[in-house]
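[1] just a sequence and a predicted model for now, questions to come.
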Amino acid sequence: MLAIDLTGKHALVAGVADDGGFGFAIAKALVLAGAKVSVATWPPALGIFKMMLERGKLDASLALPGGEKMAFAKIYPLDAEFDRLEDVPAELKDNRRYRDAGDFTIGGLAAAIEADGGVDIVVHSLANGSEVKKPLLETSRRGYLSAVSASAYSMVSMARHLGPVMRRNGAFVSLSYIAAERAVPGYGGGMSSAKAALESDTRLLAYEVGRAWGHRVNCISAGPYASRAASAIGFIDQMIDYARRNAPLPEPITAEEVASTAAFLCSPLASGITGTTVYVDKGYHAMGIAVDREGAAPAVAPAAAGGGGAS
Ligand code: NAD
């Protein structure tokens, strides 16, 4: 049987702070494939995440098919807007959510991972845009640059800092969205620009990281999903409904579908794939027109499609 087998691998999933997003689902899929999984969590969300874990609030989501409970090898603090502690403004360092977190920068994360024996798989499942609700035209320079910093440069920096502490033939995966290449009004604040950069960087990083260390770099363009981050934007339910009505497969995506694709891309089964953005969106990206309107050409009815084979 051809199976995704990550036995003996250590995976880091950056961007997990609850059980409601892609990062958590990917962590679980990697565990199910046999990997040891650590996560990296944004300091403002770290305290509550650890408390939820300790109090058993996530037990149902952590349950594995055999009845066991999945456990993270390590939970690292990470603010992906910073590469070294010297760059962190004093007021943030003194903030109560940051001051006891240690070195929460990407450089600090890489040093901690190295001290813990290295890693084979790195998943970048994080994004932030303080002005995401603003149209691009109304986005400030500061808001735009911080969206690109947190959501795209963070991937470049992770490749640069973690690449050398990954065992050879490692794999990076990040998460993008169709707004990288098509206009999605409402996904503003420079977030669409950040996703475009993330997808473009996937190609050049694949080359540079491949030649430097033999690692692969891929990206998943996921359909809309009501995670905590997406729900905060304010119109995720309409986006899910619109995608469902207009995609070739008229149903919402699940986090597990994104997660199993990530696990595949990180596995030796995908050893020939790098520099690619894979769509996990029920085919929505392939459509050129909306079909949920009056007068739209009807889909082919099952009867007309026939039972198969020419007669
Ligand atoms: P999520 O809320 O589960 O994940 C986002 C994470 O980013 C959170 O854990 C948050 O704490 C973390 N984060 C924010 N700023 C950070 C920083 N500066 N440093 C470190 N961590 C930070 O939501 P999600 O929707 O699962 O998002 C995961 C990825 O999937 C993101 O890249 C997102 O853009 C992408 N994506 C989401 C959708 C969707 O509809 N949900 C669609 C396509 C792509």
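    Received it, and whenever you're ready, just let me know what you need. Numbers count the residues shown, from 1 in each chain.

[2] mind checking how far the residue nearest the centre of the chain is from residue 206?
    Geometric centre of the chain, nearest residue: residue 125, 2.7 Å, by Cα atoms, centre = their mean. Per Cβ to Cβ, to the nearest Å, residue 125 is found 18 Å from residue 206. For the C-beta atoms, the positions are set from N, CA and C on the backbone; glycine is no exception.

[3] quick revisit: what about the residue nearest to the centre of the chain, distance to the ligand?
    4 Å (Cβ to the nearest ligand atom, to the nearest Å).

[4] check residue 62 too.
    Taken as Cβ to the nearest ligand atom, the span from residue 62 to the ligand is 15 Å.

[5] contacting residues around that residue?
    Taking Cβ atoms under 8 Å, 6 or more residues apart in numbering as the contact definition, residue 62 lies against 19, 28, 69-71.

[6] switch the cut-off to 6 Å
    For residue 62, the contacting residues are 69-70, by Cβ atoms under 6 Å, 6 or more residues apart in numbering.

[7] with residue 9 instead?
    Contacts of residue 9 by Cβ under 6 Å, 6+ apart are 35, 120-121.

[8] switch to 10 Å and redo it
    Going by Cβ atoms under 10 Å, 6 or more residues apart in numbering, residue 9 touches 30, 33-37, 119-121, 167, 170-171, 266-268.

[9] one more: residue 261?
    26, 29, 173, 218, 220, 222, 270, 278-280.

[10] the residue nearest to the centre of the chain touches residue 11, doesn't it?
    No - counting by Cβ atoms under 10 Å, residue 125 stays clear of residue 11, with 11.5 Å between them.

[11] what do these two both touch?
    26-27, 39, 173, 262.

[12] just the buried residues of those.
    Buried members of the shared contacts of residue 125 and residue 11, scored by 16 or more other Cβ atoms under 10 Å, are 26-27, 39, 173, 262.

[13] what is the neighbour count of residue 23?
    29 (other Cβ atoms under 10 Å).
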